[in-house]
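Undergrad: Next comes the sequence, and after it the predicted model I'd like to discuss.
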Amino acid sequence: MLFRSGDQRGHSRGAGHDSRQAFSGGDYHDPAWTGFGALRVCNEDLLAPGAALPPQRRANMEILELVLDGSVTGSGADGAAVSLPAGTLHLLSAGHGAEHRLANASATQPARVLRLWLQPDRVNASPAASMLDGTPATDGSWTTLASPDGRDGGLALRLQGRLQRARLAPSAALALPVDPARRVWLQVLAGTVDADGRPLLAGDAVGWDGEAADVRLVAGDAPADLLLLTLPR
């Protein structure tokens with residue numbers, strides 16, 4: 001099991017922008033943390049009221065944005081602005097090239113977004129964008145938010161990967177079977193959870209690469225919000 005402490009993530013600040021980075025990027029570089037298979041970016045971004053990230057043109061990247069708090073404006077496949085309220089999961093498949101923008105839609109309230117960038121398994125396709133309500137089921141099970149070409153539900157990823165989310169009640173347990181033929185990344189969005197004796201706080205993550213495991217996740221005294229990525233090796 002690979003452990004990534006939320007407190008040890010890279011930390012960068014810009015004009016109205018505060019980012020915690022799991023992997024190297026921009027002004028932050030750590031040779032020990034350059035990605036996890038197809039997962040190249042895992043940033044938790046806090047945007048001040050009215051703040052925006054500089055627009056960037058991207059190609060051949062699956063850009064996922066999960067709005068945790070507040071409301072933001074993102075980019076459609078044609079570069080047009082799209083409104084993303086709290087709870088929304090947005091996917092921009094950049095393909096052969098697309099303009100990427102992200103801005104706080106409110107002039108009075110901050111916004112918080114988790115951004116995931118995944119390398120696709122095909123290149124130079126036409127850009128595409130889609131979104132859905134990323135709120136997980138209320139029964140404490142894994143909810144599929146994205147899957148390969150959308151065939152198992154959720155948004156359509158251009159790689160053999162899956163994104164799932166679960167929200168656990170206090171002290172509730174959830175099984176996480178880990179396939180040794182896959183890479184698995186678990187990110188704690190809120191609350192605390194015990195993963196087979198490893199206590200995890202909000203912002204912490206653990207990864208498995210080539211390991212077989214039947215992990216038991218148990219929430220702490222408050223509800224736990226978990227995000228799970230299953231990726232090719």
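TA: Good, I have the coordinates. What you are looking at is a predicted structure, and each value in this text was computed from that prediction instead of being measured. Numbers count the residues shown, from 1 in each chain.
Undergrad: Low-confidence stretches in this structure?
TA: By pLDDT under 70, the chain has no low-scoring segment.
Undergrad: Go ahead and flag the most central residue of it.
TA: Nearest to the geometric centre of the chain sits Leu116, at 4.2 Å (C-alpha atoms, centre = their mean).
Undergrad: Beta-bridge partners for the closest residue to Leu168 other than its chain neighbours, please?
TA: Counting by C-beta to C-beta, 6 or more residues apart in numbering, Ala219 is the residue found nearest to Leu168 once chain neighbours are left out, at 3.9 Å. C-beta: built from backbone N, CA, C; applies to glycine. Per DSSP bridges, the residues bridged to Ala219 are Val193.
Undergrad: can you give me the helices in the chain?
TA: Taking DSSP state H, the chain contains no helices at all.
Undergrad: tell me the domain boundaries of it?
TA: 9-133, 143-232 (automatic domain parsing).
Undergrad: which one of the ones you listed lies closest to Phe3?
TA: Of all the domains of the chain, domain 143-232 sits nearest to Phe3, with 5.5 Å by C-beta to C-beta.
Undergrad: How far does the closest one sit from its chain's centre?
TA: Relative to the centre of its chain, domain 143-232 is centred 11 Å away, using C-alpha atoms, centre = their mean, to the nearest Å.
Undergrad: start to end distance for that domain?
TA: 19 Å (C-alpha to C-alpha, to the nearest Å).
Undergrad: One more: stretch 138-154?
TA: Its start and end residues considered, stretch 138-154 measures 17 Å (C-alpha to C-alpha).
Undergrad: Give me the contacts around that stretch.
TA: Residues outside stretch 138-154 that contact it (C-beta atoms under 8 Å, 6 or more residues apart in numbering): 64, 89, 91, 132, 134-137, 155-169, 172, 174, 228.
Undergrad: Of all the residues in that stretch, which ones are buried?
TA: Counting neighbours by 16 or more other C-beta atoms under 10 Å, one finds that the buried residues in stretch 138-154 are Gly140, Trp142, Thr143, Thr144, Leu145, Ala146, Ser147, Pro148, Gly154.
Undergrad: again with stretch 69-79
TA: Buried residues in stretch 69-79 (16+ other C-beta under 10 Å): Gly70, Ser71, Val72, Thr73, Gly74, Ser75, Gly76, Ala77.
Undergrad: Pull the distance from that stretch to the chain's centre.
TA: Relative to its chain's centre, stretch 69-79 lies at 15 Å (C-alpha atoms, centre = their mean).
Undergrad: Roughly how far does the residue nearest to Ala103 when sequence neighbours are not counted sit from Leu186?
TA: Nearest non-adjacent residue to Ala103, counting by C-beta to C-beta, 6+ apart: Ala52, 3.5 Å away. Ala52 sits 30 Å away from Leu186, going by C-beta to C-beta, to the nearest Å.
Undergrad: Settle it for me: which of those two has more neighbours?
TA: Leu186 (25 against 18; other C-beta atoms under 10 Å).
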